[in-house]
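> A structural model of the following input is requested.
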Amino acid sequence: MSAALLALGVSHKTADLALRERLALPEGRAAGFLNELLGHPEIREAVALSTCNRTELYMVVGDAVEAESVALAALARQAGTPPTELFGRLYSLRDIDAVRHLFEVAAGLDSMIVGEAEVQGQVKRAYELALVEGVTGPIANRLFRDALAAGKRVRTETAIGRSHVSVSSVAVDLAQGVLGELTSRRVLIVGAGENGELTAQALHRRGAHTVFVANRRYDRAIGLAQRFGGTAVRFDDLPAQLAEADIVVACTSSPHQIVGRDELALVVEQREGRPLLMIDIAVPRDIDPTVRDLVGLTLYDMDDLQREVARNVSGREAEATRARKLVEHETDRFAQWLGSLDVVPTIAALHERAEAIVDQVLRENEQRWVSLADEDRERVETLARAIASRLLHEPTLRLKRSAGDESYGYLQALRELFAIEAGGAPSEAPAAEVTSLDSRRRRRSR
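Sure thing, here's the model as predicted:
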């Protein structure tokens with residue numbers, strides 16, 4: 001039974017933050033979403049990758065058209081929107097194009113900040129979640145292991161990630177650009193995950209005093225405070241900390257907003273005109289975006305950071321070109337492996353189909369040569385099978401010799417043209433009458 005690869009998703013390149021946060025699949029939500037997808041017979045394996053800049057589904061499917069329709073409908077339900085609203089924002093990639101895209105994502109080549117290292121860990125965690133849920137199989141397992149290896153190779157053999165720029169470091173750079181020196185500033189980090197740690201590292205280098213706020217992971221907030229000379233407080237103390245902070249960086253993995261407009265309006269009153277800079281790098285957003293009009297409060301989110309990055313494109317493009325060549329090499333290797341899975345079964349199915357056609361034609365014409373001797377019947381049958389074998393000889397050789405993307409393309413074309421896709425039956429053909437040469441000439445002359 002043949003399978004196709006399908007990638008479906010949105011990213012910072014195709015959708016704004018408002019849509020990305022509606023499509024976000026935090027870990028708790030992703031598990032149920034993946035199991036919902038696997039409930040459809042055309043979707044056999046699936047992994048969901050959801051980061052601050054993308055939500056993507058990687059699927060091993062039977063009928064790609066039907067599977068795409070099912071996945072699109074599921075994403076639309078997730079976003080609470082008609083599927084038509086996703087048209088033009090959602091990209092769909094198949095087979096080797098899907099492989100190449102995932103490898104580029106894992107290598108940091110498709111990131112808002114080219115070469116960022118965090119995406120490697122995000123790809124790994126997405127794959128591990130799918131493994132735990134039991135929704136992967138041999139193709140998805142190999143795909144994600146090879147994607148992680150490709151990402152590691154890019155970071156080892158190129159300098160694309162050596163400056164260690166991340167979304168968190170760009171957020172801190174933005175804060176310094178707005179407020180100047182940070183050594184005397186009180187910074188509140190809401191969230192104690194990976195982005196919280198990266199933000200703390202960038203702030204620590206600039207001498208800022210950091211307060212960590214965490215809800216479910218208070219013990220981790222304590223650990224970060226000890227490492228970076230800060231203070232850890234519980235989530236219940238958040239309003240008081242907002243009143244004291246100069247800078248707030250929000251980076252939780254909460255599926256809902258945790259800082260609302262009414263709460264911040266009270267905080268602004270308590271601050272008596274002292275400015276507050278808030279940077280929300282969470283997707284979905286942690287801070288209600290309508291607070292932008294509160295006097296004395298400045299809010300930046302991921303869309304703002306994306307514009308900041310675009311204004312400061314560094315000399316990473318030369319390294320990115322080298323990295324893409326490595327990704328292309330790894331993509332070709334995966335294509336060869338993927339093609340090898342189906343070469344032998346496809347060749348066997350092709351020859352079985354030819355044998356079946358020969359048998360069918362012989363049966364249809366059996367009454368037309370009742371007077372033939374047994375030896376002549378054998379000669380006719382041998383001739384028919386020889387013609388079929390000779391016709392398939394060159395396609396078989398080319399398929400065996402092909403490699404990579406070419407091999408996969410040949411396989412797909414043969415399955416489609418000879419109706420052996422997923423073991424399907426060929427279309428009903430007209431009876432193959434074996435007639436005399438004179439009969440055929442008279443038929444043409446009419």
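
> how near is residue 68 to residue 388?
Between residue 68 and residue 388 the distance, using Cβ to Cβ, to the nearest Å, works out to 36 Å. (Each C-beta comes from the backbone N, C-alpha and C, glycine too.)

> more neighbours: these two, which one.
Neighbours per residue (other Cβ atoms under 10 Å) separate residue 68 from residue 388, with residue 68 holding more: 21 against 18.

> quick check: buried residues in stretch 47-64?
Taking 16 or more other Cβ atoms under 10 Å as the basis for neighbour counts, the residues of stretch 47-64 that come out buried are 47-62, 64.

> return the subset of the residues you listed lying in strands.
Those of these mapping onto strands are 47-51, 54-61, per DSSP state E.

> any idea which residue sits dead centre in this protein?
Ranked by distance to the mean C-alpha position of the chain (Cα atoms, centre = their mean), the top residue is residue 56 at 3.9 Å.

> my read is that it contacts residue 11, right?
Yes: Residue 56 lies in contact with residue 11 (Cβ atoms under 8 Å); the separation is 7.5 Å.

> between the two ends of stretch 282-292, how far is it?
Stretch 282-292 has its terminal residues 17 Å apart, counting by Cα to Cα, to the nearest Å.

> now it: how far from the chain's centre is it?
With Cα atoms, centre = their mean, to the nearest Å as the basis, stretch 282-292 stands 25 Å off its chain's centre.

> for the residue nearest to the centre of the chain, give me its contacts.
With contacts defined as Cβ atoms under 8 Å, 6 or more residues apart in numbering, residue 56 is in contact with 7, 8, 9, 10, 11, 48, 49, 50, 105.

> how about residue 268, what does it touch?
Taking Cβ under 8 Å, 6+ apart as the definition, contacts of residue 268 comprise 276, 294, 295, 296, 297.

> select the longest helix from the chain.
Ranked by residue count, the top helix of the chain under DSSP state H comes out as helix 317-364.

> packing partners for it?
Using 3 or more Cβ pairs under 8 Å, 6 or more residues apart in numbering; DSSP states H and E as the contact criterion, the secondary-structure elements in contact with helix 317-364 are helix 96-106, helix 138-157, helix 374-401, helix 404-417.

> hang on, residue 181 in a helix?
No: using DSSP: H, G, I helix; E, B strand; the rest coil, the secondary structure at residue 181 is coil, not a helix.

> okay, now it: neighbour count?
Residues within reach of residue 181, counting by other Cβ under 10 Å, total 10.

> and it, what pLDDT?
The predicted local confidence for residue 181 comes out at a pLDDT of 84.

> got it, and the one 5 residues further on?
Per-residue confidence at residue 186 stands at 86 (pLDDT).

> may I have stretch 319-333 as CSV, with CA atoms only?
Output for stretch 319-333, consisting of C-alpha atoms alone and laid out as CSV, is shown next (Å, rounded to 0.1, in the frame of the first residue of the first chain):
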residue,chain,number,x,y,z
GLU,A,319,26.1,30.9,5.3
ALA,A,320,22.4,30.3,4.6
THR,A,321,23.4,29.5,1.0
ARG,A,322,25.9,26.9,2.2
ALA,A,323,23.3,25.5,4.6
ARG,A,324,20.7,25.1,1.9
LYS,A,325,23.2,23.0,-0.2
LEU,A,326,23.6,20.7,2.8
VAL,A,327,19.9,20.5,3.2
GLU,A,328,19.5,19.6,-0.5
HIS,A,329,22.0,16.8,-0.1
GLU,A,330,20.1,15.4,3.0
THR,A,331,16.8,15.7,1.1
ASP,A,332,18.2,13.7,-1.8
ARG,A,333,19.4,11.0,0.7
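
> what residue ranges in this structure score low on pLDDT?
Within the chain, the segments meeting pLDDT under 70 span 1-2, 161-165, 215, 311-316, 342-344, 400-409, 421-446.

> and the contacts of residue 268, which two are furthest apart?
Every pair in these was compared (Cβ to Cβ); the two farthest apart turn out to be 276 and 295, at 10.4 Å.
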